[in-house]
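# Compute the structure for the input listed below.
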Amino acid sequence: MTMDFNDAEPQSSGGGEPIPKGTVAPVIVSLRTIKTGKTGAQGLDIEYTVTAGPYAKRKAWGWHGVAGNGSDGHNKMVSITRSYIRAMIESAFGIDPADDSQDAMNGRRISDWQDLDGMEFVARFDVEEGSDYVDQRTGETRRGKDKNTLRAVTPDDPDYNGFKPAKRKASAPKGNVMGATPKAAGGNGISRPDWG
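Residues are numbered from 1 along each chain as shown. Presented below is the predicted three-dimensional model:
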């Protein structure tokens, strides 16, 4: 049997260009796994899905280092990730970054990395230019695709207005657990918390 695809439309580019720089939109976190990189650093492999606005259902991805080998570079990477996750939590739950009350401090604690899965927060998108690479088939140097990166928008930013933050459970974790070593990704799935 012959099937003719000459009258089929050419394949689309599948989303094409990254979301424009400066776009502010709510996103939901899908924690795909915890990966170990080539240098031995462990990081969170996260998929972000826009939940509202003109870019709803568009996705972006990020790898955020949470444990390293103790080198200055790895320590800086972990520090940057911790600041980013703090901002994610503040955005998700409406915590002002300057609020140092006990409730705010409790609100910035999580019990495990999986607590981030299902978290919705406000993000500001940026565009990172693709890096040059050598095409293994042709030996030519090519430019990689541009990709989105994002930052959390916290309640002290005017662009946060209109976002309805989630409510934390009254029994937020009391210990400082964000510095804990992440669990290795296993065969069990990552479950969404009931407050996420």
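
# you'd agree residue 37 is up against residue 43?
Yes: applying Cβ atoms under 8 Å, one finds residue 37 in contact with residue 43, separated by 6.3 Å. In this view, the C-beta of every residue, glycine as well, is placed from N, C-alpha and C.

# Who has more neighbours out of these two?
Comparing residue 37 with residue 43 by other Cβ atoms under 10 Å, the one with more neighbours is residue 43, at 21 against 13.

# mind checking pLDDT for that one?
Reported pLDDT at residue 43 in the predicted model: 94.

# Same check on the one 4 residues further on?
Here the pLDDT value assigned to residue 47 is 97.

# burial measure for it, as a count.
Residue 47, neighbours per other Cβ under 10 Å, totals 14.

# ok, now the one 4 residues further on?
When counting by other Cβ under 10 Å, one arrives at 14 neighbours for residue 51.

# shift numbering so it begins at 47
In the new numbering, first residue 47, that becomes residue 97.

# out of everything not next to it in sequence, what's closest to it?
residue 72 (4.8 Å; Cβ to Cβ, 6 or more residues apart in numbering).

# Please list all residues in contact with the one you found.
Taking Cβ atoms under 8 Å, 6 or more residues apart in numbering, we find residue 72 in contact with 96-99, 166-169, 209.

# how about the helices of this structure, start to end?
118-139, 148-153 (DSSP state H).

# Quick check: which of those is buried the most?
Of all the helices of the chain, helix 118-139 has the most neighbours on average by mean count of other Cβ atoms under 10 Å, namely a mean of 18.

# follow-up on the earlier one: joint contacts of residue 83 and residue 89?
109, 111.

# follow-up on the earlier one: make JSON lines out of the helices of the chain and add mean pLDDT and distance to residue 49.
JSON lines is the format used below for the helices of the chain (pLDDT from 0 to 100; distance: least, Cβ to Cβ, whole Å):
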{"stretch": "helix 118-139", "mean pLDDT": "95", "distance to residue 49": "48"}
{"stretch": "helix 148-153", "mean pLDDT": "94", "distance to residue 49": "58"}
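
# Would you mind telling me which of those is nearest residue 173?
Among those, the nearest to residue 173 by Cβ to Cβ is helix 118-139 (17.5 Å).

# Who are the packing partners of that closest one?
Applying 3 or more Cβ pairs under 8 Å, 6 or more residues apart in numbering; DSSP states H and E, one finds that helix 118-139 contacts strand 105-113, strand 166-174, strand 193-198.

# could you check the angle helix 118-139 makes with the longest strand seen in the chain?
Longest strand in the chain, counting residues (DSSP state E): strand 70-82. Relative orientation of strand 70-82 versus helix 118-139 (axes from the mean of the first three to the mean of the last three Cα atoms, to 10 degrees): 140 degrees.
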